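Trainee: after the sequence you'll find the predicted model.
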Amino acid sequence: MIYFMRKRVSSELKAKVAIAAIQGHRKVNEIASEYEVLPSQVSDWKKQHLDGASSIFISFQKANKSKESDQLLTSLYTKIGELEVERDFSTHIAVMES
């Protein structure tokens, strides 16, 4: 019985193939034979690339929001720490005066 090993394709190669397909200068079959992949894979990777293109900008926006929320959390934790120290000091003074 003959077993065929699946060819593993790097994400960089998938991106190159997808970009070549998106450019539209060559037919899908030509691109597939050049990169030694199936024409259906070329079409799939092109579709995935086009579908995922908008996520680049979404993740950039999330990164900016994440930075802002991290800064806000840091300032809030700092304020909480200051208030706890103030409360503990006030409690300590009140106990000593009693």
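Mentor: Yep, it's here.
Trainee: just the helices in the chain please.
Mentor: According to DSSP state H, the chain carries its helices in the segments 11-23, 28-35, 39-97.
Trainee: for M5, find the nearest of these.
Mentor: helix 39-97 (16.0 Å; CB to CB). The way it works is simple: take the backbone N, C-alpha and C, and place the C-beta from them, glycine included.
Trainee: packing partners of the closest one?
Mentor: helix 11-23, helix 28-35 (3 or more CB pairs under 8 Å, 6 or more residues apart in numbering; DSSP states H and E).
Trainee: relative to helix 28-35, how tilted is the first one?
Mentor: Relative orientation of helix 11-23 with respect to helix 28-35: 150 degrees, computed using axes from the mean of the first three to the mean of the last three CA atoms, to 10 degrees.
Trainee: for helix 11-23, which outside residues touch it?
Mentor: Under the criterion CB atoms under 8 Å, 6 or more residues apart in numbering, residues 26, 28, 31, 35, 37, 41-43, 45-46, 48-50 lie in contact with helix 11-23.
Trainee: buried sites along stretch 12-23?
Mentor: Residues 14, 17-18, 20-21 are the ones in stretch 12-23 that count as buried (16 or more other CB atoms under 10 Å).
Trainee: can you put those residues in a markdown table and add pLDDT?
Mentor: As requested, those are arranged in a markdown table below (pLDDT from 0 to 100):
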| residue | pLDDT |
| --- | --- |
| K14 | 93 |
| V17 | 94 |
| A18 | 95 |
| A20 | 95 |
| A21 | 96 |
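Trainee: so which of these comes closest to H92?
Mentor: The closest of those, once distances to H92 are taken by CB to CB, is K14, at 64.1 Å.
Trainee: re earlier: any of the contacts of helix 11-23 buried? List them.
Mentor: Applying 16+ other CB under 10 Å to the contacts of helix 11-23 flags 28, 31, 35, 37, 41-42, 45-46, 49 as buried.
Trainee: tally of neighbours for T78?
Mentor: For T78, the count of nearby residues is 10 (other CB atoms under 10 Å).
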